[in-house]
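Trainee: predicted structure and sequence below. I'll ask about it afterward.
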Amino acid sequence: MTSLSARSRVNLIFVLGVTLLVMVGVVTYRTFLKQADDSEWVTHTYQTINHLENSRNLLQKMHVAQRDRRVNPSNTHSVQDFTIAHKQLEAQLKTLSRLMSDNASQTLYLSRIDEKLQGAIRFWSLPENAIHNLKTINEESNRINSIRSDIDKMVSIEDSLLKERQTAQASAFKVAGVTIVGAMLFAILITSVLIYLIYKELTQRQAAQKELSIKLDDVSKLNHEAAQKNWLLTGVSKINDSLQSTHQIETLAQSVIQQLSSYVQIQAAAFYIVQGDELVRQASLGLPDHAPQTYPLEAGLLGNAAKSKRIHRITNVPEHFWQLTSGLGASRPGEVVFVPLRVDGQLKGMLELASFQPFSEASISLLETVANNISVALDASLTQEANNLLLSQVQEQKKVLEDQQNYLRETNEELTRQTEALQASEEEMRVQEEELRQVNAELEERNEAMESARQALAAKARELEMTSKYKSEFLANMSHELRTPLNSVLILARLLADNKPGNLTEKQVEHARVIFKSGNDLLTLINDVLDLSKIEAGKVEVIQEEVHSAHVLRNMQELFSALAEEKGITFQTIRGEVALQSFSSDQQRIEQIVKNLLSNAFKFTPQGGTIRFSIDLIRPRPSFFSSNLSEAREVLALSVQDSGIGIPADKQQLIFEAFQQADGSTNRKYGGTGLGLSICKELAHLLGGEIRVESTVGKGSKFTLYLPALTYAGASQPPAGPASKESKPEAAPSAVSFPEHRTTQDLVHDDRDSLQPHETGILIIEDDAVFAHLLRDYIRSKGYKAIVSMSGEEGLYYARKYAPAAILLDIKLPGINGWEVLKYLKSDPLLQSIPVHIITAQDKPQETIEGAESYTSKTAAQDTLDEVFTQLTAQQPSDDKKLLILSENQSLEKSVIKWLEERGLQIHTQFVDTIEEASNRLMNQDFHSILVDSGDSADHSLQNLQAIQVARGTRRIPTILFMNQDVLPADEAKLKKVSDVIIRNSQLAKDRLLDELELFLFKIENPPVLPKAQAIIPEKALKGRKVLVVDDDMRNVFSLSTLLEEHEMHIITAGDGREALESLEDNPDTALVLMDIMMPEMDGYEAMRHIRANQRLEKLPIIALTAKAMQGDREKCIEAGASDYITKPIDSKQLLSLIRVWLSQG
Amino acid sequence: MNEWIEIQPEQIDDIVQIIREQYGYDFSDYSRASFTRRVKHCMQAAHIKNVTDLQHHLVNEPSFFNWFLQTLTVNVTEMFRDPLFYKALRETVIPRLASYPIIKIWHAGCATGEEVFSMAILLKEAGLLERTRIYATDLNPANLEKARKGIMPLSAMKEYTANYIRSGGVEEFSSYYEAHRDYVQLDSSLLKNVLFSQHNLVTDQVFNEFQLICCRNVLIYFNKILQNRVLQLFYDSLVPLGYLALGMKESLLFMDVRPRFDSIKDEAKIFRRKN
């Protein structure tokens, strides 16, 4: 209970008291209720007993009534009484059963009574019992008595119940009384306890109040102390705040002084920090101007104060101490305080404060308190300053480092990239090296093969050399052996020819002359052979002697001047200005060579020509074969220049070979053994020099003997006598097997004089001048030149002289007839390849025309002749190339001719300036190439080219278009279709033109022959359908167009996707598209996508053409909208079947 | 990088087969030694230790294959590479190309396009760019993608400029590109007539007719069979008298097509189709 407060205790007791009172009340109330209940039960019992008594009476009544009825059956009252009594009894019994429903034993009795009553009523109702007799009376009495006894029993039970209940009622009264008294007593007790408790509480409170008033005094005292502390603390806090506001020493010092001055009454203040052994002022207030900035640590007031650990106060400020000054006056401070600022005993700074009044204790204590804080703050600031310094250094370094890192990273990246590149390069180098190694290995292999071949060759060469030597020796011997008998033949023939005895006929003399002449020829030949073999066999010795240039020249002049005069040739001997007076060589051999060259020159130079023999001194040329020459200081050049027929370039080397002349036919015309130059060559070689030839066909030749220019050192050997065999004047042409030409026709004017060296004409052998005339014109109309001869002999002569491209031969001729001419022609190896066409007035040839190409009756129409001519020219050797130039620009022809000459191309040009003329020529002649100049108007070019295409028909004549202006790709395509090459005028267009011409005319030996088109039966599925071919590769476009046009399909073309789309717009009836993939502007994929985007074209079959065969390419095409796909190179059968498939679907 | 990866020739065959069957690129006629080295290089770069892993990657990861292809093929290129070649081109070939009304040039194996850019500059300087179409093809789509952009590292420009000058260029080289922070953007007008397209020299066919074909430093990666096939392809793709330019270390020596080409400039490896 002690833990409960007084108030709680009172409350508790009060609650307890009230509770008890309530309980007493309840008990009392319950007691009253019990009493009422008990008395009710008593009443109930009385009622029951009352009813039971009534029942007994009623039963008695009934009994009486019955007896009356029996006694006096006539008495109706008895029956009435009985009925009333019976009814009342039943009512009583009912009331009883209701009242006794709570008592089982009584109810049982009651039901027995009821039962017995019913039995009695039944008994009474029986008729036998209506008779009043003893039996009945007894029976009746028994029954009634039994009921009565039951009622009695019930009454006695009820009586006993009554007694019980009355006893219970009495005891309840007693209990109620006791309870009420007890409760009263208890209530009095509680009230007393409450009063006591309240009283006790009151007294305690009075004592506490007294105590409180004493404590209040103490508290107010404490409050005062707290206020003082508060001031101090606020000061400290303010100063601390100011300390925290900054970390810079100067502002720190400034704010400390300001805070102090505002909080403590000071008039001047200074803040110093220790730097080395000095105190340096950082901030001040009210200090005189002259106050020094620094003080030594060890001296003065400040120094002394610095030594102490506590606040140093100076109250008696010395006289000389500085004064506090203001605008109004100056005064000595009343007190000066020095506050040392230490951290861990180490002096960090000083605070000097001055005031007029002495400092209060509180101020001092404030200063003491804050001194530490200021020290710490100062220290922190100092440290921070140092840190800042370090930090900025670090930051600087960091920046440098970062820069370096960046630089490094960049360098690194660059390095990585370079490494990658290097690695790739290295790979490339390795591969290149491998490639080179492989090539080298192959080279080596080939070199080895070549080396062994070379060795084999060398062995062969040695063998050959040996053989050659044996041969030469054999020949030398043979020649000698031959000469001996020949000499006798010659002498005898000469004797015979002289016919001194005069016994020979003229004819016989003539025969002998022929024998002599032929024998002489043979002797010359044998001499030559002998010479050559001697030289080759090394049997000729060279004598070094002094040779005078003038002598040589003079000798030659003497030797040949007569011949020159005879042949009407101008012969000059010239000594070059720098030529040596004399030199060391073998004069005989030199003269032999020069003579040979000169006699050749005279042989091949026609009347009126010029021959020049000169001796010059030249510088050695590196091209000399002989090292004697190329290494010599100077070289002698003895040249023989003529204006003869010249030697074609390809024959120039050949003529030095034995038995060779520029033309096999030359032999016949000019004679000679063909050994001369071979001998010269060998002799020149023997002399340490060489012979070179420069020649232009038709202009002449220049043979030069180059000798090393050696000065004659001395007559080591006497010069051999000039016992050289003079080469004989020209021997008669040997082996002329057909008649010499005697006459030259002049009836029909022909083109022989205008024939260029590279040109070939057509020879007409016809004695009928009118018909020859006709043929000549016809030949000219075909663009050829005609040579007309009117006899077989003349014809044969011309055939050899002009080597015509073809011969038109008449049979009936004066002198030898056509057949003989034909025989001659065919038996001569040089002439047998010339195609011969026979024209005769006879209807049928009398003999078989062996060797003639064709035969025509003179009456034949021109058509046949055309055909013949075509055949003839077709067989014509392809030396003569013809170029047709179509240009409005007159100067072009000249330029072209000039260019062709520069390049050395032998091309015959024909120039026309209208397309009509060009077509005309094309139809009548064959050309090897056509050059079309677009001129300034490119528009015409296409039409011109188309016209040319028509004119040339099926012939394949390469056509070159030369144009001056730019052209659009689409136009280029059109032009390309009708030309083979397009040349855009530019700096090097000339070169290209010549290259292309050269290619077309000389290099393409087998022009690509188009496979003969098989008879194509156009299919219904394809015929007339329109196909769009989209490709930028013109070759492909052409081949596809050609292929499809053969099937009578209608072709339109486009060069790229964009054009294709436009074309489809313009041609809605297009049935199928062939689409290339790789194209400029818009490629195939994109074009197909565009086409498919158009609803109208959604189902248009598109076959993609692609050069790509990689996996996935097909899918890409289909994805883009292609219906099908075919790879290049395109197989035409496959393409056609694809087209068939897709067209039949639509 | 010093790890030594051992690859058996049969394994290379397997790799070639996988690539051919799965991706359609046929490396079987590439120079075997070089191909093997490149495969090793790829494995090192991808940190793949054995061939089985490599095969697994190739079979299952198309993206890996793209990387592999890019790394496998050697893309060494620079602008005006071998300046003397470009000088020869400038002096000998380009003036002759001028005589064609429409000029078609094929750069086979153009890598990232630097040589195509160079060609475009030459043509521009000759006043021919407008009527020229350059077909630049490469095996590798990634290369083409790069080439189409016309972007090159800035750091390379110094060398390219020097090359340009050595090739006889007299214009302001920097006028052909625009410099950015670390890359340069080629003047897009130069690429107007350039068609970049994928073309596989091994499997693909002739697709047009050209006056000049440049295929520099590509053939060296092929074996002789393939070299012959590709040269035949070039021959078929050239017009008569058309030009073929090869790498400085390449030659037509011992090739089937040798007799059908004339050498125009031996030292620059420029050839010309005879007919």
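Mentor: Yep, that arrived.

Trainee: please parse the chain into its domains.
Mentor: Looking at chain A here, since you left the chain open. Per automatic domain parsing, the structural domains of chain A span A:6-202, A:231-381, A:541-708, A:752-875, A:881-1003, A:1026-1145.

Trainee: wait, chain B
Mentor: Residue ranges for the domains of chain B, per automatic domain parsing: B:9-72, B:83-273.

Trainee: pLDDT averaged over the strand ranked longest in chain B - what is it?
Mentor: The single longest strand within chain B, with elements called by DSSP state E, is strand B:238-246. Model confidence over strand B:238-246 averages 93 on the pLDDT scale.

Trainee: what residues does residue B:36 make contact with?
Mentor: With contact set as CB atoms under 8 Å, 6 or more residues apart in numbering or on different chains, residue B:36 has these partners: B:7, B:12. Where you see a C-beta, it was placed from the backbone N, CA and C, and this is true even at glycine.

Trainee: give me the element it is part of.
Mentor: When elements are defined using DSSP states H and E, residue B:36 is found to belong to helix B:32-45.

Trainee: ok, and for that helix, which residues are buried?
Mentor: Applying a neighbour-count criterion of 16 or more other CB atoms under 10 Å in any protein chain shown, one finds B:34, B:35, B:36, B:37, B:38, B:39, B:40, B:41, B:42, B:43 buried in helix B:32-45.

Trainee: in chain A, which residue sits nearest chain B?
Mentor: Of all residues in chain A, residue A:1111 sits closest to chain B, with a separation of 2.7 Å (CB to the nearest CB).

Trainee: does residue A:69 count as helix, strand or coil?
Mentor: Three-state secondary structure (criterion: DSSP: H, G, I helix; E, B strand; the rest coil) places residue A:69 in helix.

Trainee: surely it is in contact with residue A:130?
Mentor: Yes - Residue A:69 lies in contact with residue A:130 (CB atoms under 8 Å); the separation is 7.3 Å.

Trainee: more neighbours: those two, which one.
Mentor: For residue A:69 versus residue A:130, neighbours defined as other CB atoms under 10 Å in any protein chain shown are more numerous around residue A:69 (21 against 14).

Trainee: report the contact partners of the more buried one.
Mentor: Taking CB under 8 Å, 6+ apart as the criterion, residue A:69 is in contact with A:75, A:78, A:79, A:82, A:130.

Trainee: let's see 10 Å
Mentor: Remark: with contacts taken as CB atoms under 10 Å, 6 or more residues apart in numbering or on different chains, residue A:69 is in contact with A:75, A:76, A:77, A:78, A:79, A:80, A:81, A:82, A:124, A:130, A:132.

Trainee: stretch A:1031-1039 and chain B in contact?
Mentor: Yes - part of stretch A:1031-1039 sits close enough to chain B to count as contact by CB under 10 Å from any CB of the partner chain, namely A:1031, A:1032, A:1033, A:1034, A:1035, A:1036.

Trainee: wouldn't the second one be in contact with residue A:1087 here?
Mentor: Put plainly, it is residue A:1032. No - applying CB atoms under 10 Å as the test, residue A:1032 and residue A:1087 come out as separate, 11.7 Å apart.

Trainee: mutual contacts of those two, please.
Mentor: Common neighbours of residue A:1032 and residue A:1087 (criterion: CB under 10 Å, 6+ apart): A:1054, A:1056, A:1057, A:1059, A:1076, A:1079, A:1081.

Trainee: most neighbours per residue, which of the domains of chain B?
Mentor: Comparing these by mean neighbour count (mean count of other CB atoms under 10 Å in any protein chain shown), domain B:83-273 ranks first with a mean of 20.

Trainee: neighbouring strands - and their directions - for the very next helix or strand once past the longest strand of chain B?
Mentor: Using DSSP H and E, the helix or strand that directly follows strand B:238-246 along the chain is strand B:261-265. Neighbouring strands of strand B:261-265 in its sheet, by DSSP bridges, are strand B:270-273 (antiparallel).

Trainee: just give me how far the partner strand sits from the chain centre.
Mentor: For strand B:270-273, the separation from the chain centroid amounts to 18 Å (computed by CA atoms, centre = their mean, to the nearest Å).
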